[in-house]
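>>> coords below, sequence missing:
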């Protein structure tokens, strides 16, 4: 894993091709709709400048009223049809492009499961992931839509620019250059405003993050208690007002620049029209061009600047698209871990089996993360384990204890295959774990982590971690009974199809802390992995409740290799062996009685913790 995680910057053309090949492979209709929209987008303005010329030619040519009406009527019907077609094509393009956004979100999610687990724990990488996901939640401002619509508009304006240039060039090549100068001055004014908006973009984003964070805090039910107790309401309102004032100040700056831009553009357009009118009138009076040509050329001149402005606007759209695409492609380009390689199958292993850490060294190479058991510090690599040696016998119940930051959780993640050792080996029944595929290896473990994943789906789906139609109901009720929940569920008429949490369903159920731990035990029993791992899942419970939960885990871990991790001592007495970690090293090892008799660090911690309960 890299020490610095940064968003990569890709070229605009590269980003456009990224989306082009996506739609070419999955939704080619988007490209056909876009191509047709470009054709009609070019045809409509071209006919628009020639139709008035034709009308004037008919009037000045002395044709009958009936013929003039017929010709102009035909052109009118044609214009209605060609103006309607782009709208239909645009809606088709819009629906297909926006319909692809869930697919992109799915790609990101699946990618998050294929990258190394270290990336998922990196705080900056999580920000990149959220930025990438937010991009596809942006509707018309999502990068796929900006890319597709931007290309359509850019090519339409570009082709029209060259066609109109050709029309004006037939009048006078020097006059064309003069009109181009006006247009490019106008372009320069627009680009100044674009660069100004770019300069304040980060300021505005920071101010908006500040505002939305405070607003969320003001509406967060969990924060309500602290807000009341610490009388934070006026302080939060002040923080909100400061953020809003900063946002409004930046908006005023934008508005001032936009106002100056509009005025300058108006003056340039007025000057261009005065020059154009004067030159064209002069040409008519000299007999160089006809009245109908006057109408044609003036229409071309009037539309010419709009195409230059359109091209300029699309350049800004492409910049926005590129900024939104960078985190997406950065995340999708992350290297993936190989989960399918491996010559051996875990099904060949006898159950239970032994696990051995042999000379295992491991360091965190990206240390901006905090809150990870206190093991990640400031900016430099931090070695957690150096040549760690530990063997867990087949069927053994092992307790890992130690203070926060001792390395317990890191050891579990190494064991479960989420981290790879920098040096050394992790052996399963004497076989290096690298000889098993990752997906096969994961099947060995039933783990209850500190972070408790409860999804807003049914009890059955949360229990089996699978689709409803694949749930083994008999097995589900069996493990719920073992976990002590079946009787409670039957009394409260809770079934496997009852929803958990109130995120999706108002009548969803919420478990107490103890019930939730029992449910997690049931989930671990349902998977029935040969290794049961409990990574401080009861840290939020009181010690008596924790002891009861561990008793349940211990009761149903027979025939499995079981590893219990805690910084409290509820899991130790029933364990076959206790390993005490400190600073990534094993400082004591033995049974509860042996360690108490040794009167070392373990005994000291046990007595200190016990004293609190004795006093109670």
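Alright, I've got the coordinates. Just so we're clear, the structure is a prediction, and the values are computed from it rather than from any experiment.

>>> ranges for the helices of the stretch 401-550 of the chain?
Along the stretch 401-550 of the chain, the segments classed as helices by DSSP state H, counting those that start in this stretch run 408-415, 438-442, 459-464, 473-482, 486-491, 513-527, 543-555.

>>> What of the stretch 101-250 of the chain?
So, for the stretch 101-250 of the chain - with DSSP H, counting those that start in this stretch - the helices run 101-114, 117-121, 123-135, 143-169, 173-218, 224-229, 233-285.

>>> Deepest in the core, which of the ones you listed is it.
Of all these, helix 143-169 has the most neighbours on average by mean count of other CB atoms under 10 Å, namely a mean of 20. All C-beta spots, glycine's among them, are computed from the backbone N, C-alpha and C.

>>> which secondary structure elements does that helix contact?
Helices and strands touching helix 143-169, by 3 or more CB pairs under 8 Å, 6 or more residues apart in numbering; DSSP states H and E, are helix 12-26, helix 29-60, helix 65-99, helix 173-218, helix 291-332.

>>> 10 Å instead, please
On a contact count with 3 or more CB pairs under 10 Å, 6 or more residues apart in numbering; DSSP states H and E, helix 143-169 meets helix 12-26, helix 29-60, helix 65-99, helix 101-114, helix 123-135, helix 173-218, helix 291-332.

>>> in terms of contact, does residue 246 touch residue 208 like I think?
Yes. Using CB atoms under 10 Å, residue 246 is in contact with residue 208, at 9.2 Å.

>>> low pLDDT regions in the stretch 51-200 of the chain?
The model of the stretch 51-200 of the chain has pLDDT under 70 over residues 59, 61-83, 138.

>>> Repeat the analysis, applying 90 as the threshold.
51-107, 109-110, 112-128, 130-143, 145, 161-200 (pLDDT under 90).

>>> same question, the stretch 301-450 of the chain
For the stretch 301-450 of the chain, the ranges with pLDDT under 90 are 301-317, 319-320, 323-324, 334-352, 364-383, 401-409, 418, 434, 437-440, 447-450.

>>> Setting aside sequence neighbours, what's the nearest residue to residue 207?
residue 246 (4.2 Å; CB to CB, 6 or more residues apart in numbering).

>>> repeat for residue 587
In space, residue 587 is closest to residue 580, 5.5 Å off (CB to CB, 6+ apart).

>>> and the one you found, how many residues sit next to it?
By other CB atoms under 10 Å, 22 other residues sit near residue 580.

>>> pretty sure it is in contact with residue 390, am I right?
No. Counting by CB under 10 Å, residue 580 sits too far from residue 390 to count as a contact (11.7 Å).

>>> what residues are up against residue 390?
355-358, 360, 398, 400, 411, 415, 426, 579, 581, 586, 589 (CB atoms under 10 Å, 6 or more residues apart in numbering).

>>> can I get those in a markdown table with distance to residue 46?
Output for the contacts of residue 390, formatted as a markdown table (distance: CB to CB, whole Å):
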| residue | distance to residue 46 |
| --- | --- |
| 355 | 75 |
| 356 | 77 |
| 357 | 75 |
| 358 | 76 |
| 360 | 72 |
| 398 | 80 |
| 400 | 76 |
| 411 | 72 |
| 415 | 70 |
| 426 | 70 |
| 579 | 81 |
| 581 | 77 |
| 586 | 81 |
| 589 | 85 |
